[in-house]
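> The sequence and its predicted three-dimensional model are supplied below.
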Amino acid sequence: MTQSPTLSRRAASAPTPPRKSRRRGANTRAGYTFLLPWLLGFIALTVGPMISSLYLSFTNYNLFDAPKWIGFDNYLTLFQDERFLQSVGVTMQYVVFGTPLKLAAALAIAMLLNSKRKGQGFYRSAFYAPSLIGASVSIAIVWKAMFGDSGPVDQGLSFFGINLGGWVGNPNMTMGMMILLTVWQFGAPMVIFLAGLKQIPTDLYEAASMDGAGPVRKFMNITWPMLSPVIFFNLLMETIHAFQIFASAYIISNGEGGPAGSTLFYTLYLYLRGFSDFRMGYASAMAWLLVIVVGIITLIFFKTSKSWVHYSGDAK
Amino acid sequence: MIDRRKFLGTVALGTASAAFLAACGQSSSPAQTGSAENPVTITYTWWGNDDRAERTRKAIALFESKNPDVKVNGNFSDFAGYWQKRATEAAGGGLPDVMQWDLSYLRDYGQRNQLLDLGTVKINTDAFDKSLLPSGQIRGKTYGIPTSTNAFAVYYDPAKLASLGIAEPDGSWNYKEFNAFLAEVGAKGNGTLFGGTDYTGIWWNFNIWLRQNNIQAFTEDGKLGFSKDDLKKWWNLTGDLRGTAAIVGEDKATQLLPKSPFGSNVTATEVTWDNFMAGYLADSGAKELKLVPVPSDDPDNLGLFLKPSMLMVASAKTKNKDAAARFIDFMVNDPEVGQIFKTSRGVPASKTQRDGTTFEGTDKLVVDYEKSIEKYLKDAPEPPIVGFGTLESTFKRVTQDLNYGKLTVDGAADAWFKEAEDLIKQNA
């Protein structure tokens, strides 16, 4: 590979691990002391509930009576539950289409913002803003109004002769709307892409230009491989995020996953099962299944990443 | 100089203990009885809109002025979020002292010992109609006291009917005639005004139809009293109307949420509870809305009943039983409270409260409607089975799928029965 000398040079300049200190023991203790508040919170608020949720997933628990042990029943009944299967389908659709689109948008905008232009700071903040407020309830409400019957989107499209009606009440349109909503919130991966792009030495591009490479070739042969660790990181994080979509779906569908189950996302169904139907054991089983599935997907990502993610200092 | 290690230790200990103390905050022991100088505090929660919040605040202020030894902390939310909050609180053992309650959830909480047996405290029920009280009772114990009653009715907007040249109905109609009426409105409404919402999507309307056919919705031992065929018959009633202008499309109805199609002036009629009058008037801006009885194929049996539109309950774990009971007694019996709420909670259930309230305008319409159907009224239904809230929302959801064309009537009945049987098995 032509760029490998550059890569190994960067590896050589990577920071060396901190040197051992005589006061290491004291430092460790101080470290743990400062860690303590977080550690207590982690154990009490994360590990504890996780263990109890694992236990509850093997029980029939209605929030009022003591949990009844039923073994793997919850996990088995899940696969005969049509609404569960529907929620899996809805969520997969969202993950498979929403995540790549969001990342593509984030990368495209990051590349635009990477060049030196006037007012670049303003543009960067403007593009980042939606993702800051994006998860909030108010945005979901605004979104719902925008895509409602005779809302701005409907009116705008009719101007071009496209009459789709409102999107919110149409089961065939809601998924498109939810995906648009997540694509619009590309700010967080964009910032990370931007940081990654800044790391690519400009002399690589200059050399490529001298060799007569066009923009497509430069992207394929320089940007993509150099950026691949960042792309991998963003892909992983955004996929996990997409599996966890809840707030916007809850607001847009009035907490019901409608119309006709088209926004019945996995976490929304989990929530409804737990808190509306009082079937907390069932909901816990769903939660653990999600943990396992996301774990497996992460593992697959890591395994396959070896063929396309290039880290500096890699032998190949 | 302060030793650094000691300093860090102190900081860490301080942080940890502060967090610990915050976690076990409510450690002060509450007093059983209060005085004007040192009142006991009870918490009260209800669902509703701003209008109800305003009225409730007035009622609480009045109670506090008459009972200086009790302070009431009020809190409200919308109906959907209300039950999810209560479920979480119940799991944590921290339900509010007094709560506004719905019949659908009385068994879930009452049967599981979350609610106070109000028979053990002093609440005056002398002024209540004896046929109404059983709806707050489970296995002989009183868990809820009705604040007010409502009955099912067909709303219509006379001005809209007049503009289409359709005569006002008098409420003596069977289902065929009612359907024809909806179809006529839809045909003349020219795509902007629909007949109504699919009335088969409402559980309570189905319940009334069952009663018209002398079928019990639920059996004594908590099972279903009707068959899948009954349900199919019910959903087939509007089979010819779905997808026509007689019934407003589900996509349109969804868009209009949280307002109803009737409140949004998209339909000319709506079949629902009579205490929604004030809300519909406010939403639609109509001058006048009228109420007539629901259709029935048996003119002598309309299947109608007075349902407690809301109940007052107390938490089984309340530390101020006496104050809670006094507040409930006040909210259901005091004539001045009736004057504050009028018919916005329904028609006051207690006679003293009803007599102490002057009903005018639309409030009078609701009271008059309930008087007009008096001869048809039968006993209020018992509290529905455990998990009824889920069944009711499944009922609505499945009918929506019917109207979206995602399910056939047979498929819908299968789906609902599967859920119902699963739920009954779960709670057995």
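Okay, I see it. Numbering: from 1, shown residues only, chains lettered A, B, ... in the order given.
> Roughly how far does the nearest residue to A:Ser131 once chain neighbours are set aside sit from A:Val95?
Taking C-beta to C-beta, 6 or more residues apart in numbering or on different chains, and ignoring the residues beside it in sequence, A:Ser131 has A:Gly187 as its nearest neighbour in space, at 3.0 Å. Heads up, the C-betas are built off the backbone N, CA and C, glycines and all. Plainly put, A:Gly187 is 19 Å away from A:Val95 if you go by C-beta to C-beta, to the nearest Å.
> Spit out the contact partners of the residue of the stretch 101-250 of chain B at minimum distance from chain A.
Residue nearest to chain A within the stretch 101-250 of chain B: B:Arg112 (4.0 Å; C-beta to the nearest C-beta). Taking C-beta atoms under 8 Å, 6 or more residues apart in numbering or on different chains as the contact definition, B:Arg112 lies against A:62, A:64-65.
> 10 Å instead, please
A:62-65, A:278, B:90, B:316, B:386, B:427 (C-beta atoms under 10 Å, 6 or more residues apart in numbering or on different chains).
> I'd like to know how many residues surround the spatially closest residue to B:Gly225 that is not a sequence neighbour.
Counting by C-beta to C-beta, 6+ apart, B:Gly225 lies nearest to B:Gln216, which is 3.7 Å off, once chain neighbours are set aside. For B:Gln216, the number of neighbouring residues by other C-beta atoms under 10 Å in any protein chain shown comes to 14.
> how about the strands in chain A?
Assigned by DSSP state E, the strands in chain A fall at A:59-60, A:68-69.
> err, chain B, not the other one
Counting by DSSP E, chain B forms strands over residues B:40-47, B:70-77, B:98-101, B:137-138, B:141-142, B:145-150, B:152-156, B:269-273, B:290-292, B:307-314, B:347-348, given from the N-terminal end onward.
> And those strands, which one averages the lowest pLDDT?
Out of the strands of chain B, strand B:137-138 stands lowest, with a mean of 90 (criterion: mean pLDDT).
> Get me the contact residues on the stretch 201-350 of chain B for chain A.
Residues of the stretch 201-350 of chain B that fall close to chain A, judged by C-beta under 10 Å from any C-beta of the partner chain: B:249-258.
> coming back round to it: wait, the residue nearest to A:Ser131 touches A:Ala106, no?
Yes - A:Gly187 is in contact with A:Ala106 according to C-beta atoms under 10 Å; the separation is 7.8 Å.
> Which one's more surrounded, these two?
With neighbours defined as other C-beta under 10 Å, A:Gly187 and A:Ala106 compare such that A:Ala106 has more, 26 against 21.
> where does the chain dip in pLDDT?
Let's take chain A. For chain A, the stretches with pLDDT under 70 are A:1-23, A:134-136, A:313-316.
> Sorry, I should have been clearer: chain B.
For chain B, residues meeting the criterion pLDDT under 70 lie at B:1-33.
> Please identify the residues of the stretch 151-300 of chain A in proximity to chain B?
Residues of the stretch 151-300 of chain A found near chain B (C-beta under 10 Å from any C-beta) are A:151, A:154, A:165-174, A:253-262, A:264, A:271-282.
> Of those residues, just the buried ones, ChimeraX syntax please.
The following ChimeraX command selects only the buried members of those, with burial defined by 16 or more other C-beta atoms under 10 Å in any protein chain shown:
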select /A:151,154,165,166,167,168,169,170,171,173,174,253,255,256,257,258,259,260,261,262,264,271,272,273,274,275,276,277,278,279,280,281,282
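> Just the ones of the residues of the stretch 151-300 of chain A next to chain B in helices?
Among those, the members falling in helices (DSSP state H) are A:154, A:174, A:271, A:280-282.
> Of all pairs in these, which one is the farthest apart?
Pairwise distances across those (C-beta to C-beta) peak at 42.9 Å, for the pair A:Asp154 and A:Gly281.
> just to revisit the earlier point, out of the strands of chain B, which is closest to B:Asn205?
Nearest to B:Asn205 among these is strand B:269-273 (5.8 Å), distances taken as C-beta to C-beta.
> what number of residues lie near the closest residue to B:Trp46 other than its chain neighbours?
In space, not counting the residues next to it along the chain, B:Trp46 is nearest to B:Gln100; the distance is 3.7 Å by C-beta to C-beta, 6+ apart. Neighbour count of B:Gln100, defined by other C-beta under 10 Å: 22.
> now B:Gln100: how far from chain A?
Computed with C-beta to the nearest C-beta, to the nearest Å, the distance linking B:Gln100 and chain A is 18 Å.
> count of neighbours near residue 288?
Since you didn't name a chain, this refers to chain A. Applying other C-beta under 10 Å, we find 18 residues neighbouring A:Trp288.
> right idea, wrong chain: chain B
By the other C-beta under 10 Å criterion, the neighbourhood of B:Glu288 contains 11 residues.
> One more: A:Phe219?
Counted with other C-beta under 10 Å, the neighbours of A:Phe219 add up to 14.
> so it makes contact with A:Met111?
Yes - contact between A:Phe219 and A:Met111 holds when scored by C-beta under 10 Å: they sit 8.3 Å apart.
> now the ones in helices among the residues of the stretch 151-300 of chain A next to chain B as CSV including distance to A:Thr46?
Shown next, in CSV, are those (distance: C-beta to C-beta, whole Å):
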residue, distance to A:Thr46
A:Asp154, 44
A:Thr174, 33
A:Tyr271, 19
A:Met280, 18
A:Gly281, 20
A:Tyr282, 22
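> from the residues you listed, which single one is nearest B:Ala187?
Distances from B:Ala187 to those, taken as C-beta to C-beta, are shortest for A:Asp154 (26.4 Å).
> For the closest residue to that closest one other than its chain neighbours, grab phi and psi.
Once its chain neighbours are removed from consideration, A:Asp154 has its nearest residue in A:Gly166; the separation is 5.8 Å (C-beta to C-beta, 6+ apart). Per-residue torsions, A:Gly166: phi -70, psi 150 (degrees, to the nearest 10).
> Contact partners for A:Gly166?
Remark: with contacts taken as C-beta under 10 Å, 6+ apart, A:Gly166 is in contact with A:144, A:147-151, A:153-154, A:173, A:177, B:251-252, B:254-256.
> Which of those residues are buried? Put it as a PyMOL command.
For anyone working in PyMOL, the buried entries among the contacts of A:Gly166, judged by 16+ other C-beta under 10 Å, can be selected with:
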select buried, (chain A and resi 144+147+148+149+151+153+154+173+177) or (chain B and resi 251+252+254+255+256)
